[in-house]
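Asks: Predicted model and sequence follow; I will ask about them next.
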Amino acid sequence: MDYLYQKVSYLKGLAEGMGIEEESKEGKLLLHIIDTLEEFADVVDEVIENHEDLEEYVSYIDEDLSDVEDELYGHDDDEDYYPYEGFDDDDECMDFDDCDCHNDETVEDFDDEE
């Protein structure tokens, strides 16, 4: 980020070295452009700082969520975790509709039970 400030400082020094004054229309324009570039550099620096703060905050939230998941579900990251009972790596049935592991009742069957 310092490179933006260095470039703006270089432009300011260049304008001073060239003797650009605000009395001329062109000089006024150039000096205002340089000032605007400096403001852009300030805003970009602030956005970068905010982004870094958010990354850190999200990292803390992720760690806390992981702790909550471990507490609720009681699994470790080292274990193979499958949320459905009876499902493991060796099961060839990956499409739910083709699976014999679910109940054959349909939504209509549930409506009839009411």
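Replies: Right, received. Where do you want to start? Numbering: from 1, shown residues only.
Asks: Count the residues that sit near residue 41.
Replies: Counted with other Cβ atoms under 10 Å, residues neighbouring residue 41 total 19. Heads up, the C-betas are built off the backbone N, CA and C, glycines and all.
Asks: which residues does it contact?
Replies: 1, 4-5, 8 (Cβ atoms under 8 Å, 6 or more residues apart in numbering).
Asks: mind running it again at 6 Å?
Replies: 4-5, 8 (Cβ atoms under 6 Å, 6 or more residues apart in numbering).
Asks: wait, which of these is closest to residue 58?
Replies: Closest approach to residue 58 among the contacts of residue 41 (Cβ to Cβ): residue 4, at 25.8 Å.
Asks: what stretches of this structure score poorly on pLDDT?
Replies: 75-114 (pLDDT under 70).
Asks: Which parts of it are helices?
Replies: Under the criterion DSSP state H, the chain contains helices at 2-17, 25-73, 107-113.
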